[in-house]
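K.L.:
fold the following for me, if possible:
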Amino acid sequence: MLRRLRIAPVIDGIRGQPPLDLEAAADVVERLSWLAADLGARLSDAEINPLVLRERGKGAVAVDVRATIAGVG
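P.N.:
Now for the predicted structure:
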């Protein structure tokens, strides 16, 4: 799924840059989906922006994460 994004060529490394950690990105998507499944309708929305991918094998960093839980706050 991530390979179909327009940004996908960057993941493989362009202009002399090393390939990025696609597996870490997939792991983040998977874990966010688990959170959404666990919270169900209580989760109004969730956003990770930006998600910075490090060099392949070195992970990713979620710089800013926001989620809205219904009925809280």
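
K.L.:
what packs against the helix or strand bottoming out on mean pLDDT in the chain?
P.N.:
Every helix and strand in the chain was compared by mean pLDDT, DSSP states H and E; the lowest is helix 8-11, with a mean of 92. Using 3 or more C-beta pairs under 8 Å, 6 or more residues apart in numbering; DSSP states H and E as the contact criterion, no helix or strand is in contact with helix 8-11. All C-beta atoms are positioned from the backbone trio N, CA, C, and that covers glycine.

K.L.:
that helix: how far from the chain's middle?
P.N.:
Distance of helix 8-11 from the chain centroid (C-alpha atoms, centre = their mean, to the nearest Å) equals 14 Å.

K.L.:
what sits up against the helix or strand following that helix?
P.N.:
The C-terminal neighbour of helix 8-11 among helices and strands, as given by DSSP states H and E, is helix 22-39. The list of residues contacting helix 22-39 from outside it, by C-beta atoms under 8 Å, 6 or more residues apart in numbering, reads 1-3, 11, 43, 46, 48, 51, 53-54, 56, 58-60, 62, 67, 69.
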